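Colleague: how would this look folded up:
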Amino acid sequence: MLTVLLLDDDPISATHTADDLTAEGFKIIKASPFSALGAIKTAEKVDVVLLDPGRNEAGVKQLINDLHPLPVFIHAQHASLRSAVDLMKLGARDYWPKPAPLRDLLRAIKRVAGPTTESSAASAPAVDAFVGRSSGMRSLMNMANKAAKARSTVLIIGETGTGKELVAQHIHQASQRTHKPLISVNCAAIPETLIESELFGYEKGAFTGANAQRLGLIEAADGGTLFLDEIGELPASAQARLLRFIQEGEIRRIGSVESASVDVRLICATHRNLMELENTDVFRRDLFHRINVLRLELPPLRERGDDIEGLTKFLIKRVSTKLQLDAKPLSPDAKKALSSYPWPGNVRELEHTIERALVLADGEVLEPHDLNLPDKPAKPKGIAKPFASASAVIEPESTASSDTDSGELSLEDYFQRFVLENQDAMNETEIAQKLGISRKCLWERRQRFDLPRTRKKGGA
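Modeller: Take a look at the predicted model:
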């Protein structure tokens, strides 16, 4: 039995965490961070330390040094990006804001607690990322395991909700870098004005408000893996700096005159067509070819019909354990409803559907009304293949003529029709003015409706 030293001054939070870990078979020793060393001396053994630093950052930094070589995980009530980077640089194995998913805690603890549990944890991400045995998932599993053995950059392509981050976690944990940090960055969630300072860090005095030196996320991932989710949202200025990091393995903090070498494995993910973005000068062509080394394409859930039953069983078990609810089976009608639904939100939507049903169901079996699936689900919008022809998105003439004859064009249909009919005669500014929208709005709608602006040979 593994022993976890739980250091938390919040009695309610400590009790909840202790109950969850005890239910998973761990022995828990609860103590205050100030009495951590005394608790270790009186305990027979301690395998892992789970610490909430509170607001005493200086004391926690010293405590991490004192606890060495015990693996320390941070479970912070007052979480911040700066605190995460600083504490992991000091030796913390991982960092989560409260409340962290129980499966993440279990996976991390088992990975470092010993050789036996470590080997089982190495395969744990495969369970989450690769539930299902459809041909598409078997191919993906094979490619991901090969990618884990290499050091090459990986580009993961898939619709929103297909599990791109889980695949990135599997590649990291199945690689030789598993004992080093995996730093995940959602490029769409960080403001454009802050993305460069977050990735590359900055020196004291580099700009107004830079009162101290700041370590960037790339440097924090040194020796490990950097996962850039939604890299298609990265602004152009950050793309140029990222390109040099990929080419040379060097970074330079904002305001610094010196470069630093880093050893970081890069994994990128996107739900967008980077080839089309590159053709519109939104995404650098040279950067696209740098990250498009090992490309993994996740199939959407609607193409994994054989996997839905297995996925549903897995999610019922996981959600019921997380929420401490009874794992209820599906009725035949409920199974039929799940199989016939197109799942525009993919696996994430399926998980939320199962969670909603388990929480709200009154009977012992999950029925179709417990699932509460929409009668008219949104049409699934597939991701265009990176090398697909742009002309493939244009509707056939027969469809267009029937819409015109009916005289009942929606606003979306009118937009698409107007753009297709006028893009050869007008530039983007003129089209946007005619439609009464901005150029940015025009570009965003082009992406939404898969209407790329094709370049003419010899054009400006």
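Colleague: so Tyr202 versus Arg252, what's the distance?
Modeller: In this view, Tyr202 and Arg252 are 10 Å apart by CB to CB, to the nearest Å. For every residue, glycine as well, the C-beta is placed using N, CA and C.
Colleague: now do Ile109
Modeller: For Ile109 relative to Arg252 (CB to CB), the value is 37 Å.
Colleague: still on that earlier bit, Tyr202 and Arg252: which is more packed in?
Modeller: Shown here are Tyr202 and Arg252; by other CB atoms under 10 Å, Tyr202 has more neighbours (21 against 17).
Colleague: neighbours of the nearest residue to the more buried one once chain neighbours are set aside, how many?
Modeller: Nearest residue to Tyr202, sequence neighbours excluded (CB to CB, 6 or more residues apart in numbering): Ile254, at 3.9 Å. By other CB under 10 Å, the residues close to Ile254 number 17.
Colleague: do the same with Leu373
Modeller: Leu373 has 17 nearby residues by other CB under 10 Å.
Colleague: identify the residue nearest Arg302 in space, chain neighbours excluded?
Modeller: Pro342 (4.9 Å).
Colleague: mind checking which helix or strand that neighbour is in?
Modeller: Pro342 belongs to no helix or strand when assigned by DSSP states H and E.
Colleague: please parse the chain into its domains.
Modeller: Following automatic domain parsing, one finds the domains of the chain at 3-121, 135-297, 301-371, 390-448.
Colleague: how about Ala269, secondary structure?
Modeller: Look at Ala269: counting by DSSP: H, G, I helix; E, B strand; the rest coil, its state is strand.
Colleague: and what of Phe73?
Modeller: strand.
Colleague: go ahead and confirm it touches Pro53.
Modeller: No. Between Phe73 and Pro53 there is no contact under CB atoms under 8 Å: 11.2 Å.
Colleague: a markdown table please, covering the domains of the chain and showing mean pLDDT.
Modeller: Listed next are the domains of the chain as a markdown table, based on pLDDT from 0 to 100:
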| stretch | mean pLDDT |
| --- | --- |
| domain 3-121 | 77 |
| domain 135-297 | 87 |
| domain 301-371 | 90 |
| domain 390-448 | 65 |
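Colleague: once you drop chain neighbours, what's closest to Ala221?
Modeller: Nearest in space to Ala221, with sequence neighbours left out and distances taken as CB to CB, 6+ apart, is Ile183 at 4.1 Å.
Colleague: er, Leu371 I mean
Modeller: Ala357 (5.2 Å).
Colleague: what residues of whatever helix or strand the one you found lives in count as buried?
Modeller: For Ala357, the enclosing helix or strand under DSSP H and E is helix 346-360. Buried positions in helix 346-360, judged by neighbour count with 16 or more other CB atoms under 10 Å: Asn346, Val347, Glu349, Leu350, Glu351, Thr353, Ile354, Glu355, Ala357, Leu358.
Colleague: show me the two of those that sit farthest apart.
Modeller: The span of those, defined through CB to CB, is set by Asn346 and Leu358 at 19.4 Å.
Colleague: name the helix or strand for the residue most central in space within the chain, please.
Modeller: Most central in the chain under CA atoms, centre = their mean is Glu165, positioned 3.8 Å from the mean C-alpha point. Glu165 belongs to helix 164-173 when assigned by DSSP H and E.
Colleague: which other helices and strands contact that helix?
Modeller: The contact analysis (3 or more CB pairs under 8 Å, 6 or more residues apart in numbering; DSSP states H and E) places helix 164-173 against helix 124-129, helix 135-149, strand 154-157, strand 182-186, strand 225-229, strand 265-270.
Colleague: can you pull the contacts of Val257?
Modeller: Contacts for Val257 (CB atoms under 8 Å, 6 or more residues apart in numbering) come out as none.
Colleague: rewinding a little: quick one: the helix holding Glu165 to helix 346-360, angle?
Modeller: 110 degrees (axes from the mean of the first three to the mean of the last three CA atoms, to 10 degrees).
Colleague: so how far is helix 164-173 off the chain centroid?
Modeller: Relative to its parent chain, helix 164-173 has a centroid offset of 9 Å by CA atoms, centre = their mean, to the nearest Å.
Colleague: restrict that helix to CA atoms and write it as PDB.
Modeller: C-alpha atoms of helix 164-173 as PDB (Å, rounded to 0.1, in the frame of the first residue of the first chain):
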ATOM      1  CA  LYS A 164      -6.000  15.500 -28.700                       C
ATOM      2  CA  GLU A 165      -4.600  16.400 -25.300                       C
ATOM      3  CA  LEU A 166      -5.000  12.800 -24.100                       C
ATOM      4  CA  VAL A 167      -2.900  11.600 -27.100                       C
ATOM      5  CA  ALA A 168      -0.200  14.100 -26.300                       C
ATOM      6  CA  GLN A 169      -0.200  12.900 -22.700                       C
ATOM      7  CA  HIS A 170       0.200   9.300 -23.800                       C
ATOM      8  CA  ILE A 171       3.100  10.200 -26.200                       C
ATOM      9  CA  HIS A 172       4.900  12.000 -23.300                       C
ATOM     10  CA  GLN A 173       4.300   9.400 -20.700                       C
END
